[in-house]
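In: just a sequence and a predicted model for now, questions to come.
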Amino acid sequence: MIYTIKKIAITFVILIAIIPFAQGQKTDTVIWKALNDELSRNINHLSYLDYQKPFFIGYALGSSENAIVLGSLGAIVMSNENKIKSEMIRVMVGNYQICDENFENENNSVRYTGGNILLPIDDDYYGIRRTLWIQTDKVYKAAGETYKNKIYILKRNNIPTDSLVPDFGKAPVSKLKFEGSGYLYNKKEWENRVREISAYFSKYPDIDDSGVSFRFAKVNTYLVNSEGTEVKSPVDAAIISVAAFSTASDGARLSSKIEVVVPTPNDIPANEWFKQEVDKLAKHLINLKNAETFNGNYTGPVMFTGQAASELIAGSLFSQEDPLIAIREPLYADRNMKIFAGNNPNSLETKLNKKVISNDLTVKALPQLKAFEGVKLIGHYDVDADGVVPPQEVLLVENGVLKSLLCDRTPTRMVPQSNGHRRFALFNGAVSYLTGPGVIEVSGKKQNTEAELKQKLIEKAKEEGLDFAILVKQVIHNTPTFPVEIYKVSVSDGKETLIRSAGFNSVSLSTLRKCIGTSNRKVAYNMLMSVGGNAGGLFGSFIPEISGLPVSVISPDALLIEEMEMEGSPKNLSEEKPIVPNPVSELIKK
């Protein structure tokens, strides 16, 4: 109708534009008033037993609209929409120098989130205040008790408080409002698109299982604190994942996946692009069924290209072992607690101004960069979850030498000031926060074409007396140790032979110490860096909603690592081919 009657079409467009805007204004007004009123009441009146009054209270509220559509072979498996409101509460007792945080005690309680009264998804002023009230009460009591214990331990051990690194850093007051894309989700459109993409697999009888997932999260975050900061910022993400599975003759379960991560659904490529990618994926998976199973061990040069190169870089720089993040080592109430806690979490700080990766590599954080060569960056943000505006650039590593670490308002011994990297992350459709990257750029000095880099790979393998080298083109998302497209490269003629069932022992910052070459072409890669969530089954982490930290990596699209260890993956003894053939395959073949 809107295409044929111009007057009605114009009226319809205006109504669509005005109604969400008016609803957005109402939502903002209710949320700001509830947050500020409860903040004012608690900072002025919270007092209990002999606990000190709080010196800082911060409230963050995430208002999320989520959509998910799952499809297989042209049919919709699931189509849901939901709204979620989530709160994050921070109450600190003491002062900036010494407070209840950064202290490990066997009686410690969670101080930031939790509780039993859920936030209403409606714009309910009293409902929001009630949740904040009961949660703040719990957090304050835990903080007050922890602070008392901490002061007792310091006095018992004759540790002057002014000798310690401050527990909380000061920051300028921010009054900022940023709006998201305003994208209006069209359920019918995305169900049709998922049907069409998933139906492309119908012509491949050798594919046992396949699925397409569309997920979208539109989130507004609201942050207030007792210092006067008041910030609104968006966290939007849209993902289409295309997965397929097959079974090899030995019963091994094989899989491959395409994943497109963008800020909004408008940025997702057209279905014709997906059709071509599905063809490539299906043909690769069929080839993988007949590929050589890798047995034994390999130690030698490895080249990563495309998606695998980006994932390797992200996984190396921000692995759990030694990420480029300043981590405060807490004060322990008992020395035995430190033993159980394991290694010093901020050990990387001792390497500031020392070499940590290859001299050929430089790493920068560019949190405010919005796009790179036409690609919109999902890791971009204007203000962080502490209300701190990040600098345009943070130099992390220069020519292999560690210069700084990503940090928030919790100071560490070597990184005393926030550089604005407390991030809002998505967790099953709700919002949480953590310290982590936004936009990361990696540059290499020794640049080659991809063909030159492959030749260098072969020459390095020859020097090691090897018959072949290893080339990796795709890995499991967020898991660079598990390649799904991997080749042996003959040192005699450069021929690439597809292999399967192999994995690397580990990937960490030290992996990049052995980088001996990068390509001369940079690409932007968007991803949701893993922060937990459910996984499993055909759709894996597709269910329930989006989880992860929005991150963009700008890096060479190929890099060469001088030495990595790889070994064959043991066969799962429970994996066997089904007794009766797949009925869909039989029908397609007919």
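Out: Arrived safely, thanks for sending.

In: who's the residue most central in space within the chain bridged to?
Out: Residue closest to the average C-alpha location in the chain (CA atoms, centre = their mean): M529, at 2.0 Å. Beta-bridge partners recorded for M529 (DSSP bridges): L549.

In: now do the strands in the stretch 1-150 of the chain.
Out: Secondary structure of the stretch 1-150 of the chain (DSSP state E, counting those that start in this stretch): strands at 54-72, 75-93, 103-104.

In: separation between R409 and S86?
Out: R409 sits 21 Å away from S86 when distances are taken as CB to CB, to the nearest Å. C-beta: built from backbone N, CA, C; applies to glycine.

In: okay, these two: which has more neighbours?
Out: It is R409, of R409 and S86, that has more neighbours when counted by other CB atoms under 10 Å, with 23 against 20.

In: so what's that one scoring on pLDDT?
Out: pLDDT for R409: 98.

In: cool, N572 as well?
Out: So, for N572, pLDDT stands at 61.

In: what of N116?
Out: If you check N116, the pLDDT there is 70.

In: just the one 10 residues further on next, same as before
Out: As summarised for this prediction, Y126 has a pLDDT of 97.

In: and if you look at A237?
Out: At A237, the model reports a pLDDT of 95.

In: in contact with the closest residue to P323 other than its chain neighbours: list those residues for me.
Out: Nearest residue to P323 in three dimensions, chain neighbours excluded: L317, at 7.0 Å (CB to CB, 6 or more residues apart in numbering). For L317, the contacting residues are P323, L324, V363, P437, I440, V442, L509, L512, by CB atoms under 8 Å, 6 or more residues apart in numbering.

In: quick one: the fourth one and L377 touch, right?
Out: No. With contacts counted by CB atoms under 8 Å, P437 stays clear of L377, the gap being 11.5 Å.

In: per-residue pLDDT, the residue nearest to the centre of the chain?
Out: What the model reports as pLDDT for M529 is 94.

In: please tell me how far it sits from G379.
Out: From M529 to G379 the distance is 9 Å (CB to CB).

In: and R156, which of the strands of the stretch 1-150 of the chain is closest to it?
Out: Nearest to R156, of all those, is strand 103-104, at 13.4 Å by CB to CB.

In: just how off-centre is that closest one within its chain?
Out: 27 Å (CA atoms, centre = their mean, to the nearest Å).

In: can you show me the strands along the stretch 251-400 of the chain?
Out: Under the criterion DSSP E, counting those that start in this stretch, the stretch 251-400 of the chain contains strands at 253-262, 292-293, 297-305, 331-332, 361-365, 371-372, 375-376, 394-398.

In: now those in JSON lines, with distance to T27, mean pLDDT and mean neighbour count?
Out: What follows is the strands of the stretch 251-400 of the chain, written out as JSON lines (distance: least, CB to CB, whole Å; pLDDT from 0 to 100; neighbours: other CB atoms under 10 Å):
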{"stretch": "strand 253-262", "distance to T27": "25", "mean pLDDT": "93", "mean neighbour count": "18"}
{"stretch": "strand 292-293", "distance to T27": "56", "mean pLDDT": "93", "mean neighbour count": "12"}
{"stretch": "strand 297-305", "distance to T27": "45", "mean pLDDT": "97", "mean neighbour count": "22"}
{"stretch": "strand 331-332", "distance to T27": "41", "mean pLDDT": "87", "mean neighbour count": "18"}
{"stretch": "strand 361-365", "distance to T27": "32", "mean pLDDT": "98", "mean neighbour count": "23"}
{"stretch": "strand 371-372", "distance to T27": "28", "mean pLDDT": "98", "mean neighbour count": "15"}
{"stretch": "strand 375-376", "distance to T27": "25", "mean pLDDT": "97", "mean neighbour count": "16"}
{"stretch": "strand 394-398", "distance to T27": "33", "mean pLDDT": "98", "mean neighbour count": "19"}
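
In: out of the ones you listed, which is closest to K495?
Out: Across the strands of the stretch 251-400 of the chain, the minimum distance to K495, taken as CB to CB, is reached by strand 292-293, at 12.7 Å.

In: quick one: strands adjacent to that closest one?
Out: When pairs are called by DSSP bridges, strand 292-293 turns out to pair with strand 496-500 (parallel).

In: contacts for the strand it pairs with next, please.
Out: The contact list for strand 496-500 (CB under 8 Å, 6+ apart) reads 248, 252, 254, 287-288, 291-294, 468, 471, 485-490.

In: mind listing what's buried in stretch 159-175?
Out: Neighbour counts over stretch 159-175 (16 or more other CB atoms under 10 Å) mark V165, P166, D167, F168, G169, A171, S174 as buried.

In: let's have the residues you listed in TSV, adding pLDDT and distance to P390.
Out: Formatted as TSV, these follow (pLDDT from 0 to 100; distance: CB to CB, whole Å):
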residue	pLDDT	distance to P390
V165	94	22
P166	96	20
D167	97	22
F168	98	18
G169	97	14
A171	97	11
S174	97	11
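
In: okay, those residues in CSV with distance to A333 and secondary structure next?
Out: Shown next, in CSV, are the buried residues of stretch 159-175 (distance: CB to CB, whole Å; DSSP: H, G, I helix; E, B strand; the rest coil):
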residue, distance to A333, secondary structure
V165, 18, coil
P166, 20, coil
D167, 15, coil
F168, 20, coil
G169, 24, coil
A171, 29, coil
S174, 35, coil
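
In: between those, which sits nearest W32?
Out: S174 (14.4 Å).

In: which residue comes closest to that closest one once chain neighbours are left out?
Out: Among residues not flanking S174 along the chain, G387 sits closest, at 4.3 Å (CB to CB, 6+ apart).

In: need phi/psi at the one you found.
Out: Dihedral angles of G387 (phi, psi; degrees, to the nearest 10) stand at phi 80, psi 10.

In: look at it and say how many residues are nearby.
Out: G387 is flanked by 27 other residues according to other CB under 10 Å.

In: how much space between the residue nearest to P323 and L471?
Out: 22 Å.

In: and S316, by the same measure?
Out: For S316, the distance to L471 equals 18 Å [CB to CB].

In: in ChimeraX, select just the buried ones from the contacts of strand 496-500.
Out: Restricted to buried positions by 16+ other CB under 10 Å, the ChimeraX selection for those reads:
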select :248,252,254,288,291,294,468,471,485,486,487,488,489
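
In: which stretches of the protein have low pLDDT?
Out: Of all residues in the chain, those with pLDDT under 70 make up the ranges 1-24, 107-115, 335-346, 531-545, 571-577, 585-590.

In: let's see it at 50
Out: Across the chain, the ranges flagged by pLDDT under 50 are 1-21, 109-114, 339-343, 532-543.

In: distance to Y147 for the strands of the stretch 251-400 of the chain - can I get that in CSV?
Out: What follows is these, written out as CSV (distance: least, CB to CB, whole Å):
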stretch, distance to Y147
strand 253-262, 41
strand 292-293, 58
strand 297-305, 48
strand 331-332, 12
strand 361-365, 33
strand 371-372, 45
strand 375-376, 44
strand 394-398, 32
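
In: mind checking which of those is nearest N448?
Out: Distance to N448, taken as CB to CB, is lowest for strand 297-305 among these, at 10.8 Å.

In: export that closest one as CSV, just CAs?
Out: Output of strand 297-305 as CSV, limited to C-alpha atoms (Å, rounded to 0.1, in the frame of the first residue of the first chain):
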residue,chain,number,x,y,z
ASN,A,297,52.8,-33.9,15.9
TYR,A,298,54.2,-30.9,14.0
THR,A,299,56.6,-28.3,15.2
GLY,A,300,57.4,-25.6,12.6
PRO,A,301,56.3,-22.5,10.7
VAL,A,302,52.6,-21.8,10.4
MET,A,303,50.9,-19.2,8.1
PHE,A,304,47.5,-17.8,9.0
THR,A,305,45.3,-16.0,6.4
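
In: quick one on the thing from earlier: find residues that contact each of M529 and G379.
Out: Residues touching both M529 and G379 (CB under 8 Å, 6+ apart) are P437, P550, V551.
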